[in-house]
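>>> Next one to model:
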Amino acid sequence: MKRLYILLAVVLLGLNLQAQESFDLLKYSNMEPYGTARAMGMANAFGALGGDVSSLNINPAGLGIYRSGELTYTHALSTVGVSSDFRETGGSLSDRKTRTVPANFGFVTAYRTEDEESFANFNFAVTYNRLKNFSRHTAVRGFNRPVSLLDNLVQGSGLEDFMYQAFMLDDNYNPILTAEEVVDNEQYMVESGRSDVWDFGFGFNYGYFLYFGVAVGIQSINYQLDTYYQEFFELGGDFRLTNELQTTGNAVNAKFGVILRPTAPLRLGLAVHTPTYYSLVDVSRTTLSASGIVYDGVTHNTVQKTGNGFFSSYAYHLKTPTRLVYSAAWQLGRKGFISADLDHIFYSAMQEKDAYGYLYSDVSADVKSNFRDVLNLHLGMEWRFSDVVSGRCGFARYMSPVREEVETDDNHYVTTPTYTPQYSVDRGASVLTGGLGLHFDGWYLDFAATYSMRDEHFHPFYNARTDTYGNRFTNYAKLDVNTLNIAATLGFRF
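All right, here's what the predicted structure looks like:
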């Protein structure tokens with residue numbers, strides 16, 4: 001009867017079981033310095049500065065700074081290295097992915113009224129930004145571990161039924177592993193794809209004291225994830241769980257901003273980014289292969305597939321966080337300036353809805369339980385060495401949006417999609433940036449480099465099992481994700 005119940009539950013709830021869970025929402029919400037080489041070289045601390053096409057995606061009021069038109073293009077080389085170390089019983093692995101990408105395009109038209117005391121400029125802009133590159137390879141390996149995925153299956157899930165059909169669970173749905181049996185495990189993840197945005201903005205300045213701007217952003221998502229998880233049992237037998245996922249879709253948001261210049265050297269900025277509303281489609285397929293499984297004295301080799309081996313499709317909607325950007329900049333005479341941005345991001349308000357717009361209340365509850373609102377800091381500086389050469393540097397600190405109790409509280413359960421049990425806990429990132437600018441009559445060439453150091457705790461599955469002393473065995477690999485971006489921008493003013 002229990003087997004029949006599980007099969008009926010999977011059939012009736014299969015669409016919901018394919019939905020994204022709370023930790024999956026983060027991959028569309030976390031970003032690092034992007035845009036032109038000038039903005040990247042200053043860690044995107046541009047909320048109170050303007051005069052750069054990247055500001056349209058940070059504080060659109062910066063568009064009102066322009067007094068002439070501009071055309072820019074930025075290309076970047078990105079290399080992502082991931083090193084893993086499974087705590088307590090694991091091996092260290094590393095991998096690296098390198099590619100070149102178009103990073104930014106911008107076109108600005110400026111209309112001057114010649115009225116210095118009233119509306120001095122009305123400006124329009126179209127920009128493109130590569131918000132995020134998903135490309136990276138992750139490899140994790142553990143040895144002699146006292147926890148198995150079989151011990152931590154969600155009751156009534158499709159994955160539990162897979163394991164039952166592959167003879168790795170007995171008639172009472174208990175693992176066939178002995179009480180003290182350990183396992184070796186391996187996991188490989190290949191991610192690829194990108195998130196792009198086109199922004200269409202309008203800005204003006206009033207008496208060179210008040211600057212205002214608004215922008216509408218149209219985003220596109222193309223994300224590919226291939227995972228491979230394998231366990232080798234101490235007393236013989238193994239299984240391999242593979243998942244293929246492709247997510248595509250579009251999104252829209254709006255940004256509003258204001259910059260005040262109360263004194264000649266001081267600028268203060270505030271920007272509001274509405275939530276980004278995504279319409280997405282997941283296409284996925286899962287395969288479970290088991291070999292050498294001994295059950296009732298018989299050795300079994302089995303293969304289980306979702307959808308009879310065909311890809312299944314699932315449509316849904318996401319709402320990512322509202323973002324507030326508080327900014328300040330101080331001009332250092334005619335030699336340069338320093339600037340600071342503080343991003344206030346409301347992760348606890350993220351939501352997921354089905355294709356018909358009905359809210360997944362359980363996912364919203366998990367979001368509030370797992371995530372917190374954060375403040376991310378951006379600092380930047382530019383110094384003009386001559387009329388031609390400028391130098392830039394910056395620093396950014398991104399706080400972890402994940403609550404501490406997610407990993408410290410043994411009673412804090414983490415929900416994952418049915419067939420993809422892994423999840424990653426973001427522990428925050430630090431970014432160092434630098435750049436060089438060469439400015440000539442009517443055109444310029446900028447260069448920048450950013451180096452991001454992000455920490456993650458990667459869990460192959462949520463571990464609900466405790467040892468004989470009542471302590472939960474730590475079940476994550478520490479990931480060091482280091483990203484180097486080198487960018488060059490060619491720009492023309494007219």
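>>> among the helices and strands of this structure, which has the poorest mean pLDDT?
Lowest on mean pLDDT, DSSP states H and E among the helices and strands of the chain sits helix 2-17, with a mean of 40.
>>> Tell me where the stretch 101-250 of the chain has strands.
Counting by DSSP state E, counting those that start in this stretch, the stretch 101-250 of the chain has these strands, from start to end: 119-133, 136-145, 183-206, 210-233, 238-260.
>>> Which of those strands sits closest to residue 444?
Among the strands of the stretch 101-250 of the chain, the nearest to residue 444 by C-beta to C-beta is strand 119-133 (16.8 Å). In this view, the C-beta of every residue, glycine as well, is placed from N, C-alpha and C.
>>> Can you spell out which helices and strands pack onto the closest one?
With contacts taken as 3 or more C-beta pairs under 8 Å, 6 or more residues apart in numbering; DSSP states H and E, strand 119-133 sits against strand 70-86, strand 90-112, strand 183-206.
>>> on that earlier part again, ok, then the element right after the least confident helix or strand of the chain?
Downstream of helix 2-17, the first helix or strand assigned by DSSP states H and E is helix 37-41.
>>> Which neighbouring elements make contact with that next one?
Taking 3+ C-beta pairs under 8 Å, 6+ apart as the contact cut, helix 37-41 packs with strand 389-398, strand 423-440, strand 443-459, strand 477-493.
>>> how about stretch 159-179: buried residues?
For stretch 159-179, a neighbour-count test (16 or more other C-beta atoms under 10 Å) marks 159-169, 173, 175-177 as buried.
>>> Give me the subset of those residues lying in helices.
Of those, the ones assigned to helices by DSSP state H are 159-165.
>>> Tabulate these (CSV), appending pLDDT and distance to residue 50.
Shown next, in CSV, are these (pLDDT from 0 to 100; distance: C-beta to C-beta, whole Å):
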residue, pLDDT, distance to residue 50
159, 93, 51
160, 93, 55
161, 93, 57
162, 93, 55
163, 95, 57
164, 95, 61
165, 94, 61
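>>> closest to residue 493 among those residues?
Using C-beta to C-beta, those come closest to residue 493 at residue 159, 57.7 Å.
>>> my guess is the closest one contacts residue 416, does it?
No. Using C-beta atoms under 8 Å, residue 159 is not in contact with residue 416; the gap is 9.7 Å.
>>> between the helices and strands packed on helix 37-41, which gets nearest to residue 78?
That would be strand 477-493 among the helices and strands packed on helix 37-41, by C-beta to C-beta, at 5.0 Å.
>>> now that closest one: mean pLDDT?
Average pLDDT, strand 477-493: 95.
>>> Report the angle between that strand and strand 136-145.
On the basis of axes from the mean of the first three to the mean of the last three C-alpha atoms, to 10 degrees, strand 477-493 is oriented at 170 degrees to strand 136-145.
>>> What are the buried residues along strand 477-493?
Within strand 477-493, the residues that count as buried by 16+ other C-beta under 10 Å are 477-479, 481-483, 485-489, 491, 493.
>>> In a markdown table, list those residues along with distance to residue 71.
Output for the buried residues of strand 477-493, formatted as a markdown table (distance: C-beta to C-beta, whole Å):
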| residue | distance to residue 71 |
| --- | --- |
| 477 | 46 |
| 478 | 45 |
| 479 | 40 |
| 481 | 34 |
| 482 | 33 |
| 483 | 28 |
| 485 | 22 |
| 486 | 22 |
| 487 | 17 |
| 488 | 15 |
| 489 | 11 |
| 491 | 7 |
| 493 | 8 |
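>>> Nearest to residue 122, out of those: which one, please.
So of these, ranked by how close each gets to residue 122 (C-beta to C-beta), first place is residue 493, at 17.7 Å.
>>> contacting residues around that closest one?
For residue 493, the contact set (C-beta atoms under 8 Å, 6 or more residues apart in numbering) comprises 68-70, 442-444.
>>> what sits opposite it in the beta ladder?
Beta bridges link residue 493 to residue 70, judged by DSSP bridges.
>>> and residue 279, which of the helices and strands packed on helix 37-41 is closest to it?
strand 423-440 (23.5 Å).
>>> what's the closest one packed up against?
In terms of contacts (3+ C-beta pairs under 8 Å, 6+ apart), strand 423-440 is packed against helix 37-41, strand 389-398, strand 443-459.
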